[in-house]
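1. what's the 3D shape of this:
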Amino acid sequence: MGSIHQRVGAVLGTAALFVGVTLTAGAATASADETGDLATDIDVSLSTTGVSGLTAMSSDGSYTINIISPTDGHEMGFARWNADPQPAPNIPGDSLVAKDISPDGWAVEAELSTGRVASTRGHKAIYIAIASGNLPEGHAYKLRGCIVKGSERKCTPWHGVHA
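-> Predicted coordinates for the structure are as follows:
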């Protein structure tokens, strides 16, 4: 039964990658998900580590990187820059959010170019971690999502964000 779930996960991960490429090439509108309303600028990025991310920016400047496994294409979680406060689930502005949704032994981290990190390390999936603190408005920063296990670390490329 586990192999069927792995195959389905791989197919869904691959489909997500193709959908992202299609949306990047065309002018489509993204639907809302648990990370907020997404704007039309969806992009798929691949890094030298093989970790890929389906990315989207919200109208308030928030930015989400959905992290896809480099080995089998399953969705591992997401890294998010939350520009403005969200009333539900009470996430403050100027915060990093990391969410691990896969019980695969890997933790998810959201990293900001300032050195701020939100990490799910040490917690079982499904888990969300938030690291916040006020930053000067209008300043540019960079965000990336990483998966970590022990001393092993694989990250997406950096993406520009602002406070």
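2. Counting residues, name the longest strand you see in this protein.
-> Ranked by residue count under DSSP state E, the longest strand found in the chain is strand 140-149.
3. Give the buried residues for that one.
-> By neighbour count on 16 or more other CB atoms under 10 Å, the buried set for strand 140-149 is 141, 143-148. The way it works is simple: take the backbone N, C-alpha and C, and place the C-beta from them, glycine included.
4. tell me which residues of the helix or strand following that strand are tucked away?
-> Per DSSP states H and E, the first helix or strand lying C-terminal to strand 140-149 is strand 152-155. Buried residues in strand 152-155, counting neighbours by 16+ other CB under 10 Å, are found at 154-155.
5. ditto for stretch 123-130
-> For stretch 123-130, burial by neighbour count (16+ other CB under 10 Å) applies to 125, 127-130.
6. which residues of the chain fall in helices?
-> 2-25 (DSSP state H).
7. where in the chain is pLDDT low?
-> Applying pLDDT under 70 to the chain picks out residues 1-57, 59, 87-89.
8. how about the strands in the chain?
-> 43-46, 52-57, 63-68, 75-82, 95-100, 107-112, 117-119, 127-132, 140-149, 152-155, 159-162.
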